[in-house]
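Student: After the sequence you'll find the predicted model.
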Amino acid sequence: MFTTRSRYAIRVMIDLAENGPGACVPLKDIATRQDISKKYLEIIVKDMVAGGLLIGTSGKGGGYRLCRSPEDYTIGEILELMDGPISTVSCLEEGAAPCPRFSECETLPLWAEYDRMTRDFFYGKRLSDLLPAPPAN
């Protein structure tokens, strides 16, 4: 299950993409539009800045903006930054200690296939895929 942190992080990214590509958007504006506590968003965006997803600028005219274009972000990278590895079982996590049952585990192929499908799904989705289509002229 994904946490509120990761779900809110995606909402922040969408909000920034919709409301000023390249422009700094004040956190209070995002909090108001997304109906999320500004205090909670401060914690989330701090991690997003540290993780290289956002740029924060302080002072007059400050706020947050995307570091890259929406097409260059995957949903998987946002989820993993906020919640850690997308993995169903600990033995499949990158850097996991070797499992003593690895060679005889009858369920491992099931979990490995599910992990691949989940990872492929979230890394195959881009932030731009979640933006509303531009109005037709």
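Tutor: In hand now; what should we look at? Numbers count the residues shown, from 1 in each chain.
Student: which residues does residue 44 contact?
Tutor: Contacts for residue 44 (CB atoms under 8 Å, 6 or more residues apart in numbering) come out as 5, 8-9, 12, 82. Where you see a C-beta, it was placed from the backbone N, CA and C, and this is true even at glycine.
Student: Mind doing that once more with 7 Å?
Tutor: If you count contacts by CB atoms under 7 Å, 6 or more residues apart in numbering, residue 44 has them with 5, 8-9, 12.
Student: what's the nearest residue to residue 21 if we skip its chain neighbours?
Tutor: Once its chain neighbours are removed from consideration, residue 21 has its nearest residue in residue 66; the separation is 6.9 Å (CB to CB, 6 or more residues apart in numbering).
Student: try residue 18
Tutor: residue 131 (6.4 Å).
Student: Local confidence estimate at the one you found?
Tutor: At residue 131, the pLDDT value in this model is 93.
Student: Over to residue 19?
Tutor: Note on residue 19: pLDDT of 85.
Student: does it really touch residue 25, like I thought?
Tutor: Yes: proximity of residue 19 to residue 25 meets the contact threshold set by CB atoms under 7 Å, at 5.5 Å.
Student: Between these two, point out the one with more neighbours.
Tutor: residue 25 (20 against 14; other CB atoms under 10 Å).
Student: So the more buried one versus residue 134, what's the distance?
Tutor: According to CB to CB, to the nearest Å, residue 25 stands 19 Å off from residue 134.
Student: before we move on, what about residue 116?
Tutor: For residue 116, the distance to residue 134 under the criterion CB to CB works out to 34 Å.
Student: Those two: which is more packed in?
Tutor: Shown here are residue 116 and residue 134; by other CB under 10 Å, residue 116 has more neighbours (11 against 6).
Student: Let's test this: mean pLDDT of the longest helix seen in the chain, rounded?
Tutor: Across the chain, the helix with the greatest residue count (assigned by DSSP state H) is helix 108-124. Per-residue pLDDT over helix 108-124 has a mean of 94.
Student: Which neighbouring elements make contact with whichever strand or helix holds residue 10?
Tutor: For residue 10, the element it lies in under DSSP states H and E is helix 4-18. Using 3 or more CB pairs under 7 Å, 6 or more residues apart in numbering; DSSP states H and E as the contact criterion, the secondary-structure elements in contact with helix 4-18 are helix 27-34, helix 38-50, strand 63-66, helix 75-83.
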